[in-house]
Structure formats: C-alpha cells, structure tokens
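K.L.:
Sequence and predicted structure, then a few things I'm wondering about:
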Amino acid sequence: MIIETLTLDTSAYAAGDLLADTQEIQGFSSMAANALAYLTSVTVIDEDDQKAGMDIVILNSNVTLGTENSAPSISDANARTIMGIVRVNAGDYVDLGGVSVATRTALGLPLIMTAGTPGMWFGCVTLGTPTHTASGVRIRFGFVKA
C-alpha cells in the first residue's frame, strides 16, 4: 500500500473544484512500459474532518487537470491518459472524532504503464465545499502488480 499526502489550497473550495492537481503515486516509476497493475482499494484519511466527497482521477501520464481551487480544465489529448475515476461520497466517511476515514474496496481498476514515462499519477476533484489545511488529506492506494 502506498500513502500520498495531498498538497492543498487552504481557501474554501466550491463543489466541482480541483482539490489537488496531479501528483505522482510512488512505486510505479520502476515498472516497465506496458506493465499492468490493478488498483484494488482507496482509503481517504481526512485529518481536517471535512467529510467532503471527491473524485480521484487516476492517470498514466503526468498531465495537469487544471488550477487548484478552480474548475478542472484538461485537454482532450491529455484526458486520454485517464485510467479511471474513483468516487468517494460524503456518506462513505466514518467519523472518528477529529479525523474521518472513507474506504472504497474491490475496485479492480486495470492500470497500464505508458512507454517512455512509466508511472501513475492522480488528482482530486471535490464534490463538496471543504476548507482544508495544506496537508490535511492523505490517500492510501492499494495495488496489485500483475
């Protein structure tokens, strides 16, 4: 499992805004081109306890989804690098006091590394109106490499 900390804007977001632009998921750059892996689970650890739903966009190329805290803006050509989107709804969170955690399992999303730049990246679009600290959200990705 790999855990990544989002780099966030600390101003309030509007629903549909880009919560975090593209960040690399560590552990994939050593894989060969055209190698296959499966995303099996996603756990969102919301240390700010906002419980806002989000779409986690998984890409096999380091392209931008747009400007954080604004509506996403990705070109048609860059959208072709999207491997899938995992939706985490507000109702998926379990409140544990000062932190909330949401888990999506049994995903089975196939991920194929591209030639030249093997790796995986992700970005997040908020479905709510949260205000976060600069590093208040972490995402744990579960993978199986084929």
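P.N.:
Received the coordinates, thanks. This one's a predicted model, so the numbers in the text were calculated from it and none came from an experiment.
K.L.:
Which residue is the nearest non-sequential neighbour of the most centrally placed residue in the chain?
P.N.:
In the chain, the centroid-proximal residue (C-alpha atoms, centre = their mean) is residue 56; its distance is 3.7 Å. Spatial nearest neighbour of residue 56, chain neighbours left out: residue 86 (4.5 Å); criterion: C-beta to C-beta, 6 or more residues apart in numbering. For the C-beta atoms, the positions are set from N, CA and C on the backbone; glycine is no exception.
K.L.:
which residues touch the one you found?
P.N.:
Applying C-beta atoms under 8 Å, 6 or more residues apart in numbering to residue 86 gives the contacts 39, 42, 55-56, 58, 104, 107, 109.
K.L.:
same thing with residue 119?
P.N.:
Shown in contact with residue 119 (C-beta under 8 Å, 6+ apart): 24-25, 28-29, 31, 60, 62, 113.
K.L.:
Save those as CSV, and put in pLDDT, neighbour count and distance to residue 93 too.
P.N.:
Output for these, formatted as CSV (pLDDT from 0 to 100; neighbours: other C-beta atoms under 10 Å; distance: C-beta to C-beta, whole Å):
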residue, pLDDT, neighbour count, distance to residue 93
24, 92, 13, 25
25, 91, 20, 22
28, 77, 20, 27
29, 71, 12, 31
31, 73, 17, 32
60, 92, 19, 28
62, 93, 14, 29
113, 82, 21, 32
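K.L.:
biggest separation within the residues you listed, which pair?
P.N.:
Spanning the widest gap among those are 31 and 62, at 14.8 Å by C-beta to C-beta.
K.L.:
Name the single longest strand found in the chain.
P.N.:
Criterion DSSP state E: the longest strand present in the chain is strand 36-46.
K.L.:
what pairs with that strand, and is each one parallel or antiparallel?
P.N.:
Paired neighbours of strand 36-46 in the sheet (DSSP bridges): strand 100-104 (antiparallel), strand 109-112 (antiparallel), strand 137-145 (antiparallel).
K.L.:
Which one, of these, ends up nearest to residue 79?
P.N.:
Of these, nearest to residue 79 by C-beta to C-beta is strand 109-112, at 15.9 Å.
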